[in-house]
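Undergrad: Okay, sequence plus prediction incoming.
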Amino acid sequence: MDKALLFKEYREKYKEFYFNKYSVREDDKKIYLEYEFEILGLTKFTPQIEIIKKDIKFKNIDSMYIKNMVFHIGLIELISYWKATCCPQIIIKCGFLNEEQIKWWKKLYYYGLGELFFTNNIQVSFDEFVNIECEKQNNELEYEKIEENSKGYIVPIGGGKDSVVTLETLNINKKEDYCLIINPKPVTLKCAQIAGFEDNNIIEIHRNIDSNLIKLNEKGCINGHTPFSAMLAFTSYFIAYLTGKKYVALSNENSANETNVVGEKINHQYSKSFEFECDFEQYSEKYLKASVKYFSFLRPLNELQIAKIFSKKEKYHSVFKSCNVGSKSKDWIWCCNCAKCLFAYIILSPYLYKEKLVNIFGEDLFNKESLLKTFVELIGKGETKPFDCVGTFEEVNFAISRTIENLQNQNKELPYLLKYYIDNYELVDTSEDITKRYVNENNLNEEQNNLLRKEVFIK
């Protein structure tokens, strides 16, 4: 059924979505965050998040700080379930949000679901898409900001090149600081191990999707991209507080700010953007109140700069993965057929093409005619930018032009996609090296800026 029509039908039939309750408990092995959501008249959901304790020293979970953070993680977790029917009303039965907070959450939900609305041809205004109400009339979890002498880092990693660059560049104490992995796979665990983290410094979180949502998806309910990075923000902030760490260092680059649809605020990476980063910093300062600083270490850089730095980290080349399609297989692979694979191939090509790249991916993606449409979209000549975590048009065109120049200087034959490019478009001017840029609009402190500048301008 047409999803735009289904959207209207569902909103007439299922008017209310409830956030019924949340809880936090622990045993010897795990800390459990448990939630109950409900689409009135359809089904209930009881998702769970499990934090593996290992020999990690966590704070006592019986405090208002903990309860408030667990409640907030539920507010971002619920969007994965709300989107199934897009109920016009969200009713929070287990907590309180003031008007300012409700506006904040509406903004995150609306722009974080921008891709879902666009790809399903759903047209709904900010004011109309959802109303949020709380049954409680005051905040039972009110408390003063805690001033702790916290220090050290939590670094979330996902197995790709960006978090590897953060792990290798930031001044992390591998014996005292932690990396954080949600739903760990052998690839992500191996990246952490290569970086020098032992098992007790790798925090593993298992996020379980309720089976009722999976059944609804199989029946064809509304489905699509949700702001996962926002869930990571609240969860990693919570973990930093639990472990007494001062910084949560993400690896989102400046390129994440570019929209996917020209003239529209529709961004696959909205919750990786600098706008969200600043919004979260202000919100957490006012409403979470822990001595935790959330920021992206790579915010001053573009994707090409990160690729250049990563190209020298050869110990990770046979391990790292970024392909979302391939992550669904038993062994995480490069599928070599999606926008994410082709983008990673392009952005690394000025530094690793050809033999080293083929060793990483298993084939020469520049010779795949089946990738032409994706290639055209990545360079900005298609209707939209691919809905994936890919860099800007400027970076892609610069990388392609530089790779073509490298091959021409060596009198080497151009592969299919690069020949198509030079036959149909002009090479961009590569005389201004965009890998020497540095965006000063960031949330890094002086020490962190100096570390990153050294990597960019000295090495």
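TA: Nice, thanks for sending it over. Numbering: from 1, shown residues only.
Undergrad: switch to C-alpha atoms for all contacts and neighbour counts from now on
TA: OK.
Undergrad: For the stretch 251-400 of the chain, which segments count as helices?
TA: Listed in chain order, the helices found in the stretch 251-400 of the chain under DSSP state H, counting those that start in this stretch are 274-287, 303-310, 339-352, 355-361, 372-378, 393-409.
Undergrad: In a markdown table, list those helices along with mean neighbour count and distance to Phe457.
TA: Shown next, in a markdown table, are the helices of the stretch 251-400 of the chain (neighbours: other CA atoms under 10 Å; distance: least, CA to CA, whole Å):
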| stretch | mean neighbour count | distance to Phe457 |
| --- | --- | --- |
| helix 274-287 | 17 | 23 |
| helix 303-310 | 23 | 11 |
| helix 339-352 | 23 | 17 |
| helix 355-361 | 16 | 25 |
| helix 372-378 | 19 | 28 |
| helix 393-409 | 19 | 18 |
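Undergrad: distance between the helix or strand hosting Ala192 and the chain's centre?
TA: Assigned by DSSP states H and E, Ala192 belongs to helix 186-195. In terms of CA atoms, centre = their mean, to the nearest Å, the centre of helix 186-195 is found 18 Å from the chain centre.
Undergrad: Please name every helix or strand in contact with the helix or strand that that helix is followed by.
TA: Using DSSP H and E, the helix or strand that follows helix 186-195 in sequence is strand 202-208. Contact partners of strand 202-208 among helices and strands, from 3 or more CA pairs under 8 Å, 6 or more residues apart in numbering; DSSP states H and E: strand 48-52, strand 178-182.
Undergrad: what angle sits between the last one and strand 48-52?
TA: Spelled out, it's strand 178-182. 150 degrees (axes from the mean of the first three to the mean of the last three CA atoms, to 10 degrees).
Undergrad: So what's the model's average confidence on strand 178-182?
TA: Averaging pLDDT along strand 178-182 gives 97.
Undergrad: Name the residues of the helix or strand of the chain with the lowest mean pLDDT that come out as buried.
TA: Lowest on mean pLDDT, DSSP states H and E among the helices and strands of the chain sits helix 114-119, with a mean of 90. By 16 or more other CA atoms under 10 Å, the buried positions in helix 114-119 come out as Gly114, Glu115, Leu116, Phe117.
Undergrad: Give me the contacts around that helix.
TA: For helix 114-119, the surrounding residues in contact (CA atoms under 8 Å, 6 or more residues apart in numbering) are Gln123, Asn223, Gly224, His225, Thr226, Lys265, Ile266, Asn267, His268, Phe387.
Undergrad: pLDDT weak spots in the chain?
TA: Residue ranges of the chain with pLDDT under 70: 1, 262-263, 459.
Undergrad: ok, and the residue nearest to the spatial centre of it, which helix or strand is that part of?
TA: Geometric centre of the chain, nearest residue: Ser229, 3.6 Å, by CA atoms, centre = their mean. For Ser229, the element it lies in under DSSP H and E is helix 228-243.
Undergrad: Would you mind putting the helices of the stretch 251-400 of the chain into CSV with distance to Glu142 alongside?
TA: Shown next, in CSV, are the helices of the stretch 251-400 of the chain (distance: least, CA to CA, whole Å):
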stretch, distance to Glu142
helix 274-287, 9
helix 303-310, 41
helix 339-352, 43
helix 355-361, 51
helix 372-378, 47
helix 393-409, 46
